[in-house]
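Trainee: Provided below for reference: sequence and predicted model.
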Amino acid sequence: MNEAAADPRSLPMARSMCWHCQSEVKGEYLCGRCIKVQPLSTELDYFSCLNLPRKLNIDRDEIEATFYRLNRVFHPDFYAKGDDHNEKTISLGNSALVNTAYRTLRDPIQRAEYLIRLEAGSAKEIRTAPPADLFEEILELQDDLNAFRAGDPKEHSAEMTKLRQTLQAAQASLTNRLQQLDAQLFEAFEVWDALQEETSDEAEAVRVRKEHVLEEMQGILSNRTYVRNIVNDVVATIK
Amino acid sequence: MVRIVGIDLGTTNSLIAYMDGDHPHVIAGMHGQTKVPSIVGMTDNGVLVGDPAKEHLTRDPAKTIYSVKRFMGKSLNDVSEELTYFPYQLQEKNGVIRIEVGDRTFSPPQVSAMILKELKRRAEAHLGEEVSKAVITVPAYFNDSQRQATKDAGLIAGLEVLRIVNEPTAASLAYGLQKNTQGIIAVYDLGGGTFDVSILKLKDGIFEVLATNGNTHLGGDDFDRSLLEVMIRDIRERYQIEPAKHPDFMQAVRLEAERTKIRLSQEITALASVELPEGKGLYQRDWTRAEFETLVGAFVEQTLHPCRLALQDAELQASHIDEVVLVGGSTRIPLVRQQVEALFGKTPHCELNPDEVVALGAAVQAGILSGENRDMLLLDVTPLSLGIETMGGVMSTLIRRNTTIPASAKEMFTTYVDGQTSVDIHILQGERELIKDNRSLARFQLTVPPLPAGVPRVEVTFLIDANGILHVTAADVRTGQSQSVQVKPSHGLTDEEVEGMIRESFQFAAEDIQARQVIEARTEADAILMATEKALRQSTHLIQAEEKAEINKTLDDLRMVRERDDHRLIRNGISEVEKVTHHLAEVLMDVTLKEALENKKVSEVT
């Protein structure tokens, strides 16, 4: 985290000079001289934006308080009556960034996905992948789903009833699996946060371990998305 | 400080309010009424708005426009099902409805602007100063085109619209200000034409909308129509009259249906009665509340699903709601109250007048924008997901519904063919997967330099502002150069059209003033003609025949110019009459005086 973000009244800014009075801006979001609002840096990551360390366990009340505080500074309502077009545009951009940051970090899944992208660079996309041990089971489930869709849902034949029961059982088992995946993910959150606190001299070792945790979380998230999509599919089909 | 007013531009009624110190205040008209019926009557002598237009509705239904809000941001196809219910003719031009009145056509924003102008006049008369800035409310579930159309209406009326604010959130501001509430509240807003539900979190002056849902085509109008349909069938059977052949009669029945509905909120029974056409006497029908509830039950039921969806999106259960607030005239209906109470398990609040609460909230928001109120802040959401068309006619979502606004999303575009010089982008709003099931908002074209396929990279930023209105900007990633984007709205007026309508509205304003001056001059001419004729009859023996002839000649001249549409000519005629009757007035005065004295003497004697 850089120096500017440590102060709760300042954030990394897009420029080092006030766009209006040209005086120096060190990170305060309202110019010290003319009090004009300054544009936030386009490079600003969501954790820095909301004044948070790059950790995965977050205090929801705290993040909400920061979100409210920043909106009390940047919200376009506070710049509506003036004629300064620049100020309106800047407040709109800053406010949109703060809102996106809050929406992303408030949700644990989106937060983890964002952290992985942030740490590993944009190249790392999270793809959906079935859990390896469920591969056979999921293939069978797909066949059952297709069979159920092909049949008449109003028909109460023994075959349809049996299919419905099989699908309901699969739904329960997969929902259970989702909960397991979430538990694994939150364990990884703990490991990551502990590593962020790590101050040992073995920087290289810590880096390797962090990379390992990120990869593990990425795997969990891929499986999670896949399983969740299938559950949604089953729910929509047998509804 | 520049004054900003708050306006509730409703389907059936509109209101205007302002901040009077710390309190919002709705401005009443001459007879103390705060509601201006959202009805516009086109007459040969200018435009009538509000109560006078409502009277005009049964006299000249084809030239009286009501419920214009239902057409804002819509195409003809969107409203085809209910066309038969409107006495006026509709057309479409460039995806926008036009209302046909005589040989003129008006877009819905133009008609709304006439209502806004009437409200503006009302506020200016009350405040004694010019009003040029406003906050206007819209249903939370209004899409981008409907919001833009509302903003256009403001512009045409000569108002700078500083903020478009959602009706249920505005209502929550009025309640929050009054009660200093904290916690989770649900606002259930059932108006004349639209239904909205919003779930908000109130904490330390921040009003954060968690989720909103609704139906922009469900409201009191539908209830009226249910009653109307029954009565029309009834009349057709009982009297062999085809009501549709008598547009004025249809409107009379419609207004009686509305009055009956209102009475049934207070009483268990109500008698509807309307004068039949062709002198066939009086039509009467007894209504019971139970009968009414059976008729509209399905509509009320339809409001509950959006409530459940909003709770789901807010990740809450009904039991988490601390308070429920009712907004809109239709929430006076006992059945509506029962259903809302059953859904949320709480007795709903209705301390503030449900007709006025939205306008009051708009005034509170105006106070926030003017800087007078720095304690409260509204964080609203976009009601519908925003996306673009991708291969195979599927919508790819960029900004999800119930995202806090302002919100932005960036998307990178490139080319598929070598030397391709443009990329077409189609923007949509809606929750369905296929583009054909969603609302087309706009299209635009990016221009790219002719390069091998995949080389050009243009980053497009989609930004939804605090009004819920979309802005699009684009930048070439390689050169860093931004490019202007000419967005063509699918169901909206272009900037040029709006400008034209603003000019036209000035012309109408001039015509209106002209018309008013002619009417005033004619009234004065009639008064002087009548008085002079009477004086001549009384004084045949008091003046010479020559004088009488001269007076008669100027009276004839005045009668002639009275029929012309030029107030100056009429005024000239009036002063000519005044000049030649000077002597006559004096003579008459003497006589009157003498008579008065004589009377006095007589009375003294007796």
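Mentor: Looks like it came in fine. Numbering: from 1, shown residues only, chains lettered A, B, ... in the order given.
Trainee: any buried residues in stretch A:209-222, and which?
Mentor: Of the residues in stretch A:209-222, A:R209, A:K210, A:V213, A:L214, A:E216, A:M217, A:Q218, A:G219, A:I220, A:L221, A:S222 count as buried by neighbour count, 16 or more other CB atoms under 10 Å in any protein chain shown. No exception for glycine: its C-beta is placed from N, CA and C like everyone else's.
Trainee: could I get the residues you listed in TSV, plus columns for distance to A:D107, secondary structure and pLDDT?
Mentor: TSV is the format used below for those (distance: CB to CB, whole Å; DSSP: H, G, I helix; E, B strand; the rest coil; pLDDT from 0 to 100):
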residue	distance to A:D107	secondary structure	pLDDT
A:R209	26	helix	88
A:K210	22	helix	88
A:V213	20	helix	91
A:L214	18	helix	90
A:E216	20	helix	90
A:M217	15	helix	91
A:Q218	17	helix	89
A:G219	20	helix	88
A:I220	15	helix	91
A:L221	12	helix	90
A:S222	17	helix	88
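Trainee: tabulate those (CSV), appending distance to A:N94.
Mentor: Below are those laid out as CSV (distance: CB to CB, whole Å):
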residue, distance to A:N94
A:R209, 36
A:K210, 31
A:V213, 32
A:L214, 30
A:E216, 35
A:M217, 30
A:Q218, 31
A:G219, 36
A:I220, 34
A:L221, 30
A:S222, 34
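Trainee: so where is the chain shaky, pLDDT-wise?
Mentor: Reading this off chain A. The model of chain A has pLDDT under 70 over residues A:1-9, A:121-126, A:153-156.
Trainee: if you could check chain B rather than the one you did, that'd help
Mentor: In chain B, residues with pLDDT under 70: B:1, B:508-516, B:596-606.
Trainee: could you chop it up by domain?
Mentor: Taking automatic domain parsing as the criterion, chain B consists of the domains B:4-218+B:303-379, B:220-298, B:384-493, B:497-605.
Trainee: so which of those domains is the most packed in?
Mentor: Between those, domain B:4-218+B:303-379 has the highest mean count of neighbours, a mean of 21, where neighbours are mean count of other CB atoms under 10 Å in any protein chain shown.
Trainee: does the helix or strand containing B:L202 reach chain A?
Mentor: Under the criterion of DSSP states H and E, B:L202 resides in strand B:195-203. Yes - contact of strand B:195-203 with chain A (CB under 8 Å from any CB of the partner chain) involves B:K203.
Trainee: tell me the strands beside that strand, with direction?
Mentor: Here strand B:195-203 has these sheet partners by DSSP bridges: strand B:183-190 (antiparallel), strand B:206-215 (antiparallel).
Trainee: what does chain A put close to chain B?
Mentor: Within chain A, the positions near chain B by CB under 8 Å from any CB are A:68, A:71-72, A:75-78, A:80-81, A:92-93, A:95-97, A:99-100, A:102-103.
Trainee: which SSE is A:Q180 in?
Mentor: helix A:158-197.
Trainee: same for the lengthiest helix in chain B, what does it pack against?
Mentor: Counting residues, the longest helix found in chain B (DSSP state H) is helix B:495-538. Applying 3 or more CB pairs under 8 Å, 6 or more residues apart in numbering or on different chains; DSSP states H and E, we find helix B:495-538 packed against strand B:46-49, helix B:108-127, helix B:144-156, helix B:545-562, helix B:567-580, helix B:582-605.
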